[in-house]
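> With the sequence up front, the predicted model follows.
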Amino acid sequence: MAKGKNIKNAKEKVDRSQVYDIDGALELLKKSAFAKFDETVDISIRLGVDPRKADQMVRGAVVLPNGLGKTVRVLVFAKGEKAAEAEKAGADFVGADDLVEKIQGGWFDFDTAIASPDMMGVVGKIGRLLGPRGLMPNPKVGTVTMDVARAVNESKSGKIEYRVEKAGIVHAPVGKVSFDADKLKENILSLIDVLVKAKPSAAKGTYLKKISISSTMGAGINLDIPQIQTLVR
């Protein structure tokens, strides 16, 4: 019952009909967080696009300047020289057919997957397993690359992938509640800046329609979009 009461109290602190400047929103988010664990801070951004149309799809990746505050387990599909490069860069798992067999057996103890281009024939065998989990390597977000060392370093440093969903919304983690507000702010603005620059030419009208942030257990806090736009220009 205490947990339910805490959630109710946290949500009552947030006026869902109000928009907050980013500093005020982060202050409120940190004050209303109550969980005993370090909650993740998530952002939800509704874009003025129709993702059903190929020319309005928004997808990519960005390295958050202050990381995500968690250890990212990186798997790399590679052989020979590229496998050695991946291991040297700090990849947690490196292999080829052996990793495919483990994944076919139900093993998914990793957070991101990277592949050298020559391995995609092998990786394709488990595309139906990796795809639904958002783990399929893709050249559009830099996880199919010859520069596997760089990809490993970026993933370990806080690289996130974003993709607009059917309802036109992008969801992404931007850090932890324990982060300094300035670091969370920098991560948030970095992601929004990338999204603004990725605006499809076919998208018409208002592009940034709604932005809200929340902690794992907290309520959504709406951000003042005009203020955000002045900060990312």
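Arrived safely. Numbers count the residues shown, from 1 in each chain.
> Show me the strands in this protein, by range?
Using DSSP state E, the strands of the chain run over residues 19-20, 40-47, 59-63, 74-77, 93-95, 112-115, 159-163, 169-176, 208-215, 221-223.
> Mean pLDDT for those - can I get that in TSV?
Putting the strands of the chain into TSV (pLDDT from 0 to 100) gives the following:
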stretch	mean pLDDT
strand 19-20	94
strand 40-47	96
strand 59-63	91
strand 74-77	98
strand 93-95	97
strand 112-115	96
strand 159-163	90
strand 169-176	95
strand 208-215	96
strand 221-223	96
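> looking at these, which is buried most?
Taking mean count of other CB atoms under 10 Å as the contact definition, the stretch among the strands of the chain with the greatest mean neighbour count is strand 74-77, which reaches a mean of 28. To be clear about C-beta, it is placed using only N, CA and C from the backbone, and glycine gets the same treatment.
> which other helices and strands contact that strand?
helix 80-89, strand 93-95, helix 97-104, strand 112-115, helix 148-157 (3 or more CB pairs under 8 Å, 6 or more residues apart in numbering; DSSP states H and E).
> Make CSV out of the strands of the chain and add distance to Asn187.
As requested, those are exported to CSV (distance: least, CB to CB, whole Å):
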stretch, distance to Asn187
strand 19-20, 17
strand 40-47, 8
strand 59-63, 9
strand 74-77, 20
strand 93-95, 27
strand 112-115, 18
strand 159-163, 9
strand 169-176, 4
strand 208-215, 11
strand 221-223, 14
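> ok, back up a step: need the helices and strands packed on strand 74-77 in a markdown table with distance to Leu135, can you?
Putting those into a markdown table (distance: least, CB to CB, whole Å) gives the following:
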| stretch | distance to Leu135 |
| --- | --- |
| helix 80-89 | 16 |
| strand 93-95 | 12 |
| helix 97-104 | 9 |
| strand 112-115 | 5 |
| helix 148-157 | 12 |
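> what about the ones you listed, which gets the closest to His171?
Across the helices and strands packed on strand 74-77, His171 has its closest neighbour in strand 112-115 (16.5 Å, CB to CB).
> what stretches of this structure score poorly on pLDDT?
In the predicted model of the chain, residues 1-13, 15-16 satisfy pLDDT under 70.
> tell me the domain ranges of it?
Annotated domains of the chain cover 18-67+159-232, 74-157 [automatic domain parsing].
> do you know how far the closest residue to Ile192 other than its chain neighbours is from Ala25?
The spatial neighbour of Ile192 that comes closest, neighbours along the chain excluded (CB to CB, 6 or more residues apart in numbering), is Val232 at 5.4 Å. Shown here: Val232 relative to Ala25, a distance of 15 Å by CB to CB, to the nearest Å.
> Which of those two has more residues huddled nearby?
Between Val232 and Ala25, counted using other CB atoms under 10 Å, Ala25 has the larger neighbour count: 25 against 16.
> was I right about the more buried one contacting Ala219?
No: between Ala25 and Ala219 no contact is recorded; they are 11.4 Å apart, counting by CB atoms under 8 Å.
> so the longest helix out of those in the chain versus strand 169-176, what angle?
When the chain is scanned for its longest helix (criterion: DSSP state H), the result is helix 181-197. Inter-element angle recorded for helix 181-197 and strand 169-176: 150 degrees (by axes from the mean of the first three to the mean of the last three CA atoms, to 10 degrees).
> For Asp111, give me its contacts.
Applying CB atoms under 8 Å, 6 or more residues apart in numbering, we find Asp111 in contact with 72-74, 155.
> and what of Ala89?
When contacts are counted by CB under 8 Å, 6+ apart, Ala89 touches 148-150, 152-153.
> if you set the cut-off to 10 Å instead, what comes out?
Taking CB atoms under 10 Å, 6 or more residues apart in numbering, we find Ala89 in contact with 74, 76, 114, 147-156.
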